[in-house]
Every structure is written in structure tokens, then in C-alpha cells.
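Asks: structure for the following, please:
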Amino acid sequence: MAFSEETKQKRNKPCENCRAHRRKCVVIQGKQCDRCLKMNLPCVFKFNAKPTVIKKPVSISRKNKLMTQMKAMEQQLAAMEQQLKSFHVEAKLQPIKDETEEDERMSSNYDSIDMETTSESYNIFDQSDDTDKSLLRTSKSSDITNSWQLTITGGSSGINFQTSIRNINDINSFLSETARYFNATLSRTPNYHIDRSLQMIQVTNKMLQVEHILHSIFQNNKTETGRLAIELPICDDHTRIYMKRQVISSYFGCMGLLTPVFSKPYYLPLFDFNPNTMVATALASFITYSQCCHIQYIQHPFTRETLAESFRQEAKALLQEVLFDEGHDIYTVATLMFLAQSALIVLNNSEARLYMNMAWRMVLELQPRYAHLLDGVTSDTPVTEEIIEAETWRRLFYAVRYYELTLCLICDERDDYSSIMFNVGIGYPIVLNIEKDIKESRDSVEAFYHLVRVNDCQMTQRDDELRYKLLAGKLDKLSVNDLQKLETQLCDFWGSMPKEFRLSDSPFDYLQLDRIQQCSNPFALYINQIYYSYWIGLETRLMQSPSDTDLKGINMERYDGERALLLVSIITDAMTKIFHVLFHKVPCVVELHWMLIVADSLRMLKKSPNLTIRARASRNLNITLDVLKQRVPKLSEDEGASTNENYRFLKNFIPSILTPDTTSTSSGSLAGSEPDSTHTEVEYFANKPSSTTLPAAYFGELQKTVHAYLDDDDPVSLQ
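Replies: Numbering: from 1, shown residues only. This is a model prediction of the structure:
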């Protein structure tokens, strides 16, 4: 009986009887094969269960490798597309009529591309044995009697043109026919093209909680009447001048090196000889109000705050005498800047805003007087009084602009910063001839040069406005294209820094503490502190909530909240180590508000399910808060009892930062690497009695904010 192939039921394996006798096993009906039915035998099929094979998941490293390869291919395709655009060539392939003819044509001339126009064709030949490439143009129109040919040959000696053109008409015809290829654009968008300007990232944190509190401190225009009515002691002029000279000397040895608007070799002797001038008095007020650790000698009956307030009142009186006179100079601008900074410290915010805005307008008015003097000035140019004042004006310009922009972001509800961020074309600060032979002054100005660059307009005005709007919390979303530009701006700045300023081998990486400690230039550490502060200000706006992801699927090529979260972990780790080393080397330059922002970020990272990130955040938070405790004196019970809603909210928001599992983390490895003498000096300044250094209003508010984070029952020490 014959069966067709369709009626036969095929089995993978024969039955046991057919297998034993090596017979063909065919099942026609039912469950028994034909042979077993005929021989009346039991038909038994033996089936072996196939093992379950678990598909091995693709590893993250392999995924990242594939993503890198895809990105490289995309870049290569984009480069090829750009190259074709630069050639302005439009290819139109002829339809294939016969596969045999096509194969013969491709085998004989595998690199030729026929490009047809309405009356002409272009052929590009690529010879493998020669580097020359020829572009042959022949006319196919039968109605053109005077045909001509152009051959462009590229070789080692250059480009050669060979043509049969004989008259101007041929040249005109050639140019008219080829002009459209130079103006042609792609008729379509390639399928591999990704328009990143259409991809948007949601802003998850317009501001951190600590930033809200700091902004509210400076947005409050109410002045503390108690501090204005403070009774100022009286002392003889000799003692007062002596203390003022000590303060001025401390300024040029500390804060004046971070922002060297006044050249130390020239202005220190000048201010020391004339300590009662308006600018010297305003300078003394600011540095005394600050938390500079170098202010040591204050005679009874003055305290640090009363001495600073007496200097401030004296400078304000001197300013009133000349403010409405004509012919202002750089000293009036500097006085306004120092008084504005002092007003910020005592939280007289409206006065600070007024003084800084006046300083900004005045420094712009002085541009015609000083800008032309800076043309062609280098470090080798012999200095004169005019050149020194012109360079001082340039440094003041950048310092005042930074403060004015910062106050605009905090105090003013506006979105347009074009009146502040514009390119004035005055160049960046340089090391003067009188400074280049003094290492301290030279290093200070070089660091200030990089500080100006990272704060100044680096790319387009739109990009800078976008960055500051993001920092001010005025954006709801950001395109991937804009994010790439902002990150590229910071990466380019890192690449432009001198190698001795860099603390890592890449723009953002986990820093090694030993490498930071080996950096002998404290100004380089300060620049890195500012550099990473811009990174944290950018990425904290976009990071995903740490408690919502374990970062197992993180991809650095994918711009999203997980990537931003990982960058925040890297940046906070770097800033914690920089804070620690700066505190033990030059404690005055540690930015307290940035320490609070980093602490708030670390508090959020402590909730991450990722064990590595959570452990690192806990350790870094202990170190950061310990530096804050030593940097800001402890409040008494009366001072700590604040009714401010911000601090009640903060205490409820962060009930206990230092939990038992985090307090057990040891930081001895960090402290043990520092010299004992340096640590002893820091302990001296950090533990001075509060009666001798009563904190100003701003630092009092910082104290409340700091101790809202701290749990007195869980002390942390670097010892």
C-alpha cells in the first residue's frame, strides 16, 4: 500500500521493536506503527525529555560594548554623510535591467558609480593600483557639437586639471551644470540619524531642600534690628589702626589670594601705608566678618563681630562722601563690592543687592577708561600705575559680574540674563610682571584665570543662560542635545586645565585620596572644588530618585536619570575628599554652602538599593558632616532653639542622618594621612570659644542648618 508524503506521520524516533530489528517505523493510524500492527506486537515509543536550557542573559559589559560599537558606526556614517555633503555630489543609480550584465559590469569596473543628470553623466573611477582619482565628464547630448572633457586627478604632487575646454562658453556651461551639486542637500534624513534635540529629560529636582533653605535666607529682606542696634566699643586710633593692618595682612595671605583683584606686591604696601582709606576699611570689614582662620589678634573690648561692624560703618560713611561725586574709580567699585559682601554676611540682603548692582553698573562705566590699556599687555610688559589699575579693573569686572549674576539668580525673578552675560572682549586676567617672580602670587593669579573661565561665557550665550536657568530651578525639562552641550562645556574646561591641576585622568572619575593629598597647589584644589560644584549643580537636577533604582541596568551612553544618579555619586565622592584635604590644608577656602549641598545629595544617595553606592554615601556623609561640625561652631541650647519654619521642616525632613550603621564607619584612614601639626592648627581655629568669635547672621543661619542634620547622640570624629 502506497502512501503519499503528506499522509505519513513522521516520528523523530522509531518504536522499540523497529529499532531492535532496524526496520522502518511508520505510524499510519492511531498510536501503533504499521509493522507492529501486522505482527501483533506491542508498539512502544521511548521518548527522552529534552533538558531545559536556560538562556544565558547578555551581560551589561557586553551590552555597553555593543552600544559603543553602534555609536561608533553611527559616527562613521555621520562622517561619511558629512563628507558627501562637502563633495556636494548627488547620486542617481540606474535601474538594473539584467543581472548578468550587472555582474559583468561590476566585475569589470567595481568602483564606478554612474550619475545621470538631464543631459550629462559623471563617472568616478577608483584605481586600486594608483592613488589618483579621476572625474570624467562627457556630454551625451547629440545636439552639442563642441563636446569637452574635464579630468581632475589627485596625486602625491597635488591636484591636476586636464580639460578640452577651449573657450569661455565651455567654462560657463561647466560651472552652470555643476553649481547645483555644490548647493545640493540630502533629499532625506538617514534612517540612522537621531535628532537628540527632540529627546527631552525631565528635571526631577529643581532645587534640593538645602538649596531652598539657603535661597530663603538671602531672599528675606528683613533686617535684624538687634544687630543694627549693636553697641560698638570705642578704642584709641593707634590700636584700631594696628588691628586694621593685621586684618589687611590676613586678607592678602588668604582670601585675597583666592580672588586676587588687588595685586599683592603692589597693594599690600599701599593699604598698609594708608589703612584708613575707604577701600582698605571696607576690605577689613569683609575679611573680619568672614570665617577666615587667620584673624587672630582682636583686642578687648572688641569682639570679632563688633570690630567688623565698626569697620563697615566707617567704610559706609566714607562711601557716602564720594558716592555722588563724578569721576569714580576702581577703588569705589571695590568698596561697593566688599560692603555688599559684608551686608550679605549680616543678612542685610536689600543693601547687599543695591551695593552689588551699583558696583556692576560702575565697573561697566569704567571700561572706556581702562580697556584700551590692556591691549598687548603680557607678563613681560613693564608695569606702570595705569597698567596695574587697568588689570585690577579687569579682575574686578569678572568678580563683580559673578556676584551680580549669583544675586540675580537668587533674588530676582527674571529669565533674561543678557544684561550680565555678554562678551566684552577684554581678555582674561594675566600675571603681571611684578607677580611672576613671586610663586604665591603667580599661582594665585593663574588659578583665578581658570576660575574666571569656568564662570565666564564659554560657548554661546544661549547655553550659558540655559545653564543658569537650570541652576536657578526655572526649567521643567531639558533636551539631550542641550545636556550634551553643557557637559561638553565642563569637559572642555577640564581638558584645558594644566595637568598639574587635574586630580584624575578623566573629567569625572572616582578620585584617589593620595593623589589629592599630593597636590601641593591649594589653589588647584579650590578650582577643582568649583569645577565639581558645577557638575553637581547640573546632575542633581536630572537624577532619578536613588531609592527607585539599583543601577544594574545603567548605561553611560544613555542620557537619563540613572546616568545622572551615578554621576552624582562620583561627584559627591570627589567633593568629599577635596573638602577633607582642603580643610586640613587651608580651611578658610572650604565653601560651606557647597558642603551642605553635597551633604543633602549624600543623604539621598544613602537610600539607594545599590550596596556600593549606599556604603560610599554613608562614609562620605560622615566625613562631610564632621568637617562641617568643626568648621561651624556648635550652637548653645538657646541659640539652637529656632522657631523658623525652614528648620522645623528640615528637622522633620531629615530626622536622623547619622544612624548607628553609619556612625560605625571609620574615617581614620583619611585623617591619619595628614600631618599632626596641620590638624592641630585646624583644631585650634575650629574650637575657639564662641565668646571671642561670635558668628555673624549668615553663619548663625548656617549653624542652624548644619545642626538640623546632626544628631548629638551619635558623634562622629576623624580621629
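Asks: which residues of this structure score low on pLDDT?
Replies: Scanning the chain for pLDDT under 70 picks out 1-12, 86-148, 156, 180-198, 222-233, 457-461, 633-700, 702-703, 705-719.
Asks: can you do 50?
Replies: Across the chain, the ranges flagged by pLDDT under 50 are 1-8, 11, 89-145, 189-193, 225-226, 228, 634-694, 710-719.
Asks: strands of this structure, start to end?
Replies: Along the chain, counting by DSSP state E, strands occupy 113-116, 120-126, 133-139, 150-155, 158-163, 200-202, 477-479.
Asks: who's in contact with the spatially most central residue of the chain?
Replies: What sits nearest the mean C-alpha location of the chain, by Cα atoms, centre = their mean, is W535, with 3.4 Å. For W535, the contact set (Cβ atoms under 8 Å, 6 or more residues apart in numbering) comprises L490, F508, L567, I571. (C-beta placed from N, C-alpha, C; glycine too.)
Asks: which one of those is nearest L214?
Replies: Distance to L214, by Cβ to Cβ, is smallest for I571 among those, at 18.7 Å.
Asks: surely that closest one meets I536?
Replies: Yes - using Cβ atoms under 8 Å, I571 makes contact with I536 at a distance of 4.8 Å.
Asks: between those two, which is the more surrounded one?
Replies: Neighbours per residue (other Cβ atoms under 10 Å) separate I571 from I536, with I571 holding more: 25 against 22.
Asks: could you check how far that one is from W535?
Replies: The gap separating I571 from W535 is 5 Å, by Cβ to Cβ, to the nearest Å.
Asks: before we move on, what about V210?
Replies: Between V210 and W535 the computed distance is 17 Å (Cβ to Cβ).
Asks: then Q149?
Replies: 60 Å.
Asks: mutual contacts of I571 and W535, please.
Replies: F508.
Asks: coming back round to it: quick one: which of the contacts of W535 is the most crowded by neighbours?
Replies: Counting neighbours by other Cβ under 10 Å, I571 leads the contacts of W535 with 25 neighbours.
Asks: measure that residue to L538 for me?
Replies: With distances taken as Cβ to Cβ, I571 is found 9 Å from L538.
Asks: please apply the same query to V58.
Replies: Counting by Cβ to Cβ - V58 and L538 are separated by 31 Å.
Asks: over to P42?
Replies: Between P42 and L538 the computed distance is 78 Å (Cβ to Cβ).
Asks: and those two? Which one has more around it.
Replies: A count of neighbours by other Cβ under 10 Å puts L538 above the other of P42 and L538, at 23 against 9.
Asks: contact partners for the more buried one?
Replies: If you count contacts by Cβ under 8 Å, 6+ apart, L538 has them with R467, L470, L471, L486, E487, L490.
Asks: swap in R35?
Replies: R35 is in contact with N17, C18, R23, K24, C25, V26, L41, counting by Cβ under 8 Å, 6+ apart.
Asks: N528: which of those residues is nearest?
Replies: N528 lies nearest to C25 out of these, by Cβ to Cβ, at 79.2 Å.
Asks: I figured the closest one hits C33, correct?
Replies: Yes - between C25 and C33 there is a contact at 4.7 Å, judged by Cβ under 8 Å.
Asks: which residue ranges form the helices in the stretch 1-150 of the chain?
Replies: Using DSSP state H, counting those that start in this stretch, the helices of the stretch 1-150 of the chain run over 16-21, 34-38, 60-87, 99-108.
Asks: quick one, which of those is nearest to G327?
Replies: helix 60-87 (56.3 Å).
Asks: run the chain-centre distance for that closest one.
Replies: Helix 60-87 has its C-alpha centroid displaced from the chain centroid by 25 Å (Cα atoms, centre = their mean, to the nearest Å).
Asks: and if you look at stretch 158-168?
Replies: With Cα atoms, centre = their mean, you get 54 Å for stretch 158-168.
Asks: could you do stretch 445-460 as well?
Replies: Centroid separation for stretch 445-460 versus its chain: 13 Å, with Cα atoms, centre = their mean.
Asks: using CSV, list the CA coordinates for that stretch.
Replies: Taking Å, rounded to 0.1, in the frame of the first residue of the first chain, the C-alpha atoms of stretch 445-460 are listed here in CSV:
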residue,chain,number,x,y,z
VAL,A,445,46.5,84.7,39.5
GLU,A,446,46.9,81.6,37.3
ALA,A,447,44.2,79.8,39.4
PHE,A,448,42.0,82.9,39.2
TYR,A,449,42.4,82.8,35.4
HIS,A,450,40.9,79.3,35.4
LEU,A,451,38.2,80.3,37.9
VAL,A,452,37.1,83.2,35.6
ARG,A,453,37.0,80.8,32.6
VAL,A,454,34.8,78.2,34.3
ASN,A,455,32.4,81.0,35.5
ASP,A,456,32.6,83.0,32.2
CYS,A,457,30.7,82.5,28.9
GLN,A,458,32.4,79.5,27.3
MET,A,459,30.2,78.6,24.4
THR,A,460,27.1,80.5,23.2
